[in-house]
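# Starting from these lines, generate the structure:
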Amino acid sequence: MTGYRNDAVPTPCEPGVTRRILNYSEELMMCEITFEKGARGNMHAHPHLQITYVGKGSFEFTIDGETSTVKQGDSVYMPANAQHGVLALEDGILVDVFSPMRKDFL
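Numbering: from 1, shown residues only. Purely as a prediction, here's the structure:
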């Protein structure tokens, strides 16, 4: 299935954060998350594997109590059930890939 970014409707998440589902199957999902500077993805955990690519900006990620700063071109891995959250240090875009898909996003 081909996904077109401009066809994906942004969904509000946290204040200053929106999500677009770019494409998915039962086994895999890709989303684009847009952040305003200072916006947070609150701490949470889920059973899905997650890899995040920083498409724009810089972010502070906390994963299972360990915090690191990442910038455009970097990527981050979140194991299943890991507590994680993010703070946008500037306006930015993250591309999240989940396995399996996040049915709760549909």
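# which residue packs closest to the most centrally placed residue in the chain, ignoring adjacent ones?
For the chain, the residue nearest the mean C-alpha position is D96 (4.1 Å; Cα atoms, centre = their mean). Excluding its sequence neighbours, the residue lying closest to D96 (Cβ to Cβ, 6 or more residues apart in numbering) is C31, at 4.7 Å. C-beta coordinates here come from the backbone N, C-alpha and C atoms, glycine included.
# In this structure the one you found contacts F105, no?
Yes: between C31 and F105 there is a contact at 6.9 Å, judged by Cβ atoms under 8 Å.
# Return the distance of L28 relative to A82.
As judged by Cβ to Cβ, to the nearest Å, L28 and A82 stand 19 Å apart.
# what do you get for D91?
26 Å.
# again, but for G55
Counting by Cβ to Cβ, the gap from G55 to A82 is 22 Å.
# And K56, by the same measure?
24 Å.
# ok, how many other residues are close to the nearest residue to G16 once chain neighbours are set aside?
Using Cβ to Cβ, 6+ apart and skipping residues adjacent in sequence, the residue nearest G16 is A39, 3.1 Å away. A39 sits with 20 neighbouring residues when counted by other Cβ atoms under 10 Å.
# Give me the pLDDT value at A39.
Here, the pLDDT recorded for A39 equals 98.
# Tell me who's in contact with it.
14-17, 87-88 (Cβ atoms under 8 Å, 6 or more residues apart in numbering).
# repeat that for 7 Å
Residues near A39 by Cβ atoms under 7 Å, 6 or more residues apart in numbering: 14-17, 88.
# now do V17
33, 35, 39, 41.
# Now the two most distant members of these.
Spanning the widest gap among these are I33 and A39, at 9.7 Å by Cβ to Cβ.
# picking up where we left off before, look up how far I51 lies from the residue nearest to the centre of the chain.
Following Cβ to Cβ, the distance that separates D96 from I51 is 8 Å.
# repeat for G73
Taken as Cβ to Cβ, the span from G73 to I51 is 14 Å.
# which regions of the protein lie under the pLDDT threshold?
For the chain, residues meeting the criterion pLDDT under 70 lie at 1.
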